[in-house]
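Trainee: For reference, the sequence and a predicted model appear below.
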Amino acid sequence: MLQAYLAKFIKRGRLTVRVNPNVTWQFGELMPDRPDLDIAIWFSSKWAASKVGLNPYLHLGEAYMDGDLIIERGDLWGFMELIGLNMPSLPPRSAFMRFLNRLRQFLPAHSLKASRRNVAHHYDLSERLYRLFLDEDMQYSCAYFRRPDMTLEEAQTAKRDHIADKLRLSPGQSVLDIGCGWGGMALHLAKRANVNVTGVTLSTEQLAVAEQRAQAPDVNARVRFALCDYRQVEGQFDRIVSVGMFEHVGKAAFDTYFNTVYDRLKDDGVGLIHTIGRRGESGARSSWLDKYIFPGGYIPSLSEIMQSVERSGLWVTDVEPLRLHYAETLRCWRERFMAHRLEIEDLYDDRFCRMWEFYLCWCELGFRYSDLMVFQVQVAKRVDSLPITRDYMMAREMSAEVVSFEEESRKLRERPRRVQ
């Protein structure tokens, strides 16, 4: 079954598969412009290979993390790129698997207890782990690469600024940060715009770090964090921001989520939802990611988001798709993770490292070669809450670009001339 699957799938690049010393298959052809895509893998047993053939969306990741799949030539990312380049010829999932995926939309919304458990599975891991591969501000979401040469730190700062510009903040406003993580966005908004921010999270580990950071004198009076589900928040706010959290609410709770945003916004309030999404009709969830990395997650299409926004009574005031920004973010994370692999193995073990290496590569594959992207959806209660053009969003960025151009010009003028 695996042999038949790969024969239909692999056309570009060459994949050599060894099941045991006596069984070797070869698929595809070498590409003159990509000689690095000559990948060889080895399965430790026929049973491991057979499981991947039966359900590659689950058992490929399991085989790698359990050491049953070894990369003999090339590396894991090269293997993923080979998969990505051949995705146009990827065989469709079986009718049965598509049927099971459709059934998930009828599952009940996550209970408060289930949501807490799902969050703990991923976000209550060691703070040290995340500090080893994230930027200094610990932003665990898509960065914004305004220039291709940006460092991860610069791109994450650009993301925070880009969101702040869309929120059109004024001093003294109240802001709710749904899914505040380690507090970086809330602290940034408080410092930049002198606003008062309430951040809520379901992760005890993230809360501890966020509360410690909020003790800084320049933000202490304006930022507070709470261990709280978004459905339990009370009061109303001038602004709501939610970055990288909507993916965790589950499709059954989409209406509840946007109804909550509506209820928590003041009459002239504005919200900015930053979420992973997919192009076109929503596809099947990755069974491996659902089991090992993000239990209960669901990646929406833009049309699914819009249906719930419209039912809530909110106005959609702006939508921006961020294409490939997350692919670049994941590349940075993957490179940093591998640079600190020995330290992470000391924290956990080799199997954990292999699981996370696969996770980072698998997700980068989805954003670079498949249909994943990030949506920033701006909403408001009133049609006139914001200016009717997008100029206010871009004014600061355009000003920064002018300053950057003038600085580069100055450096060129001051560069010593060569003596002829």
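Mentor: Yep, that arrived.
Trainee: Near F358, how many other residues are there?
Mentor: 23 (other C-beta atoms under 10 Å). C-betas here are computed from N, CA, C, even on glycine.
Trainee: what does the one 4 residues further on give?
Mentor: Burial of W362 is recorded as 20 neighbouring residues (other C-beta under 10 Å).
Trainee: Only alpha carbons, please: show the helix or strand harbouring it as CSV.
Mentor: Secondary-structure assignment from DSSP states H and E places W362 in helix 350-369. Output of helix 350-369 as CSV, limited to C-alpha atoms (Å, rounded to 0.1, in the frame of the first residue of the first chain):
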residue,chain,number,x,y,z
ASP,A,350,15.2,12.4,22.2
ARG,A,351,11.6,11.3,21.4
PHE,A,352,10.3,14.7,22.5
CYS,A,353,12.9,16.4,20.3
ARG,A,354,12.0,14.3,17.3
MET,A,355,8.3,15.0,17.9
TRP,A,356,8.9,18.8,18.0
GLU,A,357,11.2,18.7,15.0
PHE,A,358,8.5,16.9,13.0
TYR,A,359,5.9,19.4,14.3
LEU,A,360,7.9,22.5,13.2
CYS,A,361,8.7,21.0,9.8
TRP,A,362,5.2,19.7,9.2
CYS,A,363,3.7,23.1,10.0
GLU,A,364,6.2,24.9,7.8
LEU,A,365,5.3,22.5,5.0
GLY,A,366,1.6,23.5,5.4
PHE,A,367,2.3,27.2,5.1
ARG,A,368,4.9,27.0,2.4
TYR,A,369,3.5,24.4,0.1
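Trainee: what packs against the one helix or strand T329 maps to?
Mentor: For T329, the host element (DSSP H and E) is helix 325-339. Contact partners of helix 325-339 among helices and strands, from 3 or more C-beta pairs under 8 Å, 6 or more residues apart in numbering; DSSP states H and E: helix 127-133, helix 152-167, helix 350-369, strand 372-380.
Trainee: who wins for proximity to H274 among these?
Mentor: With C-beta to C-beta as the measure, strand 372-380 is the member of those nearest H274 (5.1 Å).
Trainee: roughly how far out does that closest one sit from the chain middle?
Mentor: Its chain's average C-alpha position is 13 Å from that of strand 372-380, according to C-alpha atoms, centre = their mean, to the nearest Å.
Trainee: which other residues reach it?
Mentor: Strand 372-380 has contacts (C-beta atoms under 8 Å, 6 or more residues apart in numbering) with 142, 163, 166, 258, 261, 265, 268-279, 299, 302, 305, 309, 314-326, 363, 366-367, 386.
Trainee: One more pass at 6 Å, please.
Mentor: The contact list for strand 372-380, computed with C-beta atoms under 6 Å, 6 or more residues apart in numbering, reads 142, 166, 270-278, 302, 314-323, 326, 366.
Trainee: buried sites along it?
Mentor: Under the neighbour-count criterion of 16 or more other C-beta atoms under 10 Å, strand 372-380 has 372-380 buried.
Trainee: again with stretch 144-154
Mentor: In stretch 144-154, counting by 16+ other C-beta under 10 Å, buried: 144-146, 150, 152, 154.
Trainee: And stretch 183-203, by the same measure?
Mentor: Quick answer for stretch 183-203 (16+ other C-beta under 10 Å): 183-190, 193, 195-203.
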